[in-house]
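**Q** Kindly generate the corresponding structure for this input.
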Amino acid sequence: MGTKGTAGAQGTKPAHGIGRRAVLIGGAVTAVGTAALARDELKRVWWRVPGVRKPRKPGELDFAGAQWVAASDANWRMADRPDDYGIDRVIIHVTQGSFRSAVKVFQDPGHGAAAHYVVGQDGRVAQMIRELDVAFHAGNRSYNERSIGIEHEGFVDRPRDLTPEMYASSARLTAAICERYGIPVDREHIIGHVEVPGTDHTDPGPHWDWDRYLKLVRAVESSPSPSPSTRRSRAWPADQGRIGRGVVWRGASQGAEAS
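**A** Just a heads-up that it's a prediction; the model follows:
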């Protein structure tokens, strides 16, 4: 057991109190910090102000190679990324089902989750949520706010589902996202759902070839950018036009509508 302190013993000087100047400086620093936090929070809730809403065009795409079909409003929330939340991650998912079933479930308001994109085994891409908005895909609020989620058609235990067409199409998409937001093409910034803290998911699973995928993404990044005239939406075969019950593809500008 240690000895007790001797403060106040005879011959010692009393401790000085905190000066008024120090109190004022500390208060000013606290006020500045509080104001900065308030500004940051205000910037993130601009859309809640009555009469204020960022202009948006129905069916507008962030990736020219995609077709638009909207997810349910219940499966994402409006934001103004990257101005309010920086984007520094791409999260890779596998649907555990078909392309059509993934689209259908993301349109279900009771599902409570959706990704920004779905990539099919034939290479087609559906954009379901704008990149500036926060999709509920990672199972972690912080990672939702900082990332873009890409679902891939198939099952984690079936390596044959991971087709060359899907890898190539997804790599083009991820390369465009990384270029747009300055995201490094590496395994720290392009991750699987299984790597999100707190998740109980295992996708994209053990058969996802990360070396192959990152090599494809880097190859796209190093190639010359296509001219605007070549950046058109992918034309899909006529028999793939209907993607789910009650949903019909109408092209990038119109999105999907009930039939």
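
**Q** what's around D200, how many residues?
**A** Taking other CB atoms under 10 Å as the criterion, the count of residues near D200 is 8. The C-beta positions use only the backbone N, C-alpha and C, and glycine is treated the same way.

**Q** How many residues are close by D83?
**A** If you count neighbours by other CB under 10 Å, D83 ends up with 12.

**Q** Same check on the one 5 residues further on?
**A** For D88, the count of nearby residues is 16 (other CB under 10 Å).

**Q** who touches it in this structure?
**A** Residues counted as contacts of D88 (CB atoms under 8 Å, 6 or more residues apart in numbering) are 146-147, 181, 183, 189.

**Q** let's see 10 Å
**A** For D88, the set of contacting residues under the criterion of CB atoms under 10 Å, 6 or more residues apart in numbering consists of 82, 146-148, 178, 181-184, 188-189.

**Q** got the contact list for the nearest residue to R77 once chain neighbours are set aside?
**A** The spatial neighbour of R77 that comes closest, neighbours along the chain excluded (CB to CB, 6 or more residues apart in numbering), is V134 at 5.0 Å. With contacts defined as CB under 10 Å, 6+ apart, the neighbours of V134 are 76-79, 81, 84-85, 116, 141, 144-147.

**Q** circling back to that earlier point, quick check: of the contacts of D88, which lies closest to W68?
**A** Within those, the smallest distance to W68 is 15.5 Å, found for I148 (CB to CB).

**Q** The closest residue to R130 other than its chain neighbours: neighbour count?
**A** Across the structure, with CB to CB, 6+ apart as the measure, the residue nearest R130 apart from its sequence neighbours is D62 (6.3 Å). Neighbour count for D62, taken as other CB under 10 Å: 18.

**Q** go on, H111?
**A** When neighbours are counted by other CB under 10 Å, H111 registers 15.

**Q** From S170, how far off is the closest residue to it other than its chain neighbours?
**A** By the measure of CB to CB, 6+ apart, the closest residue to H111 outside its immediate chain neighbours is V105, 5.1 Å from it. Between V105 and S170 the distance, using CB to CB, to the nearest Å, works out to 19 Å.

**Q** more neighbours, the two?
**A** Between V105 and S170, counting by other CB under 10 Å, S170 is the more crowded of the two (24 against 18).

**Q** tell me which element the more buried one falls in.
**A** Element membership of S170 [criterion: DSSP states H and E] is helix 164-181.

**Q** as a whole number, average confidence for that helix?
**A** Helix 164-181 shows a mean pLDDT of 98.

**Q** any idea of the pLDDT on the residue nearest to P197 when sequence neighbours are not counted?
**A** Nearest residue to P197 in three dimensions, chain neighbours excluded: N140, at 5.9 Å (CB to CB, 6+ apart). According to the per-residue confidence, N140 scores 98 in pLDDT.

**Q** N140 is in contact with A113, isn't it?
**A** No: at 11.8 Å, N140 and A113 do not qualify as touching, with contact defined as CB atoms under 10 Å.

**Q** the more surrounded of these two?
**A** Counting neighbours by other CB under 10 Å for N140 and for A113 shows that A113 has the greater number, 19 against 16.

**Q** List the residue ranges of the stretch 101-250 of the chain that fall below the pLDDT cut-off.
**A** 224-250 (pLDDT under 70).

**Q** All the strands of it, residue numbers only.
**A** Assigned by DSSP state E, counting those that start in this stretch, the stretch 101-250 of the chain shows strands spanning 117-119, 125-127, 134-135, 147-152, 190-192, 242-244, 247-249.

**Q** So for W68, which of those strands sits nearest?
**A** Judged by CB to CB, the one of those that comes nearest to W68 is strand 125-127, at 5.5 Å.
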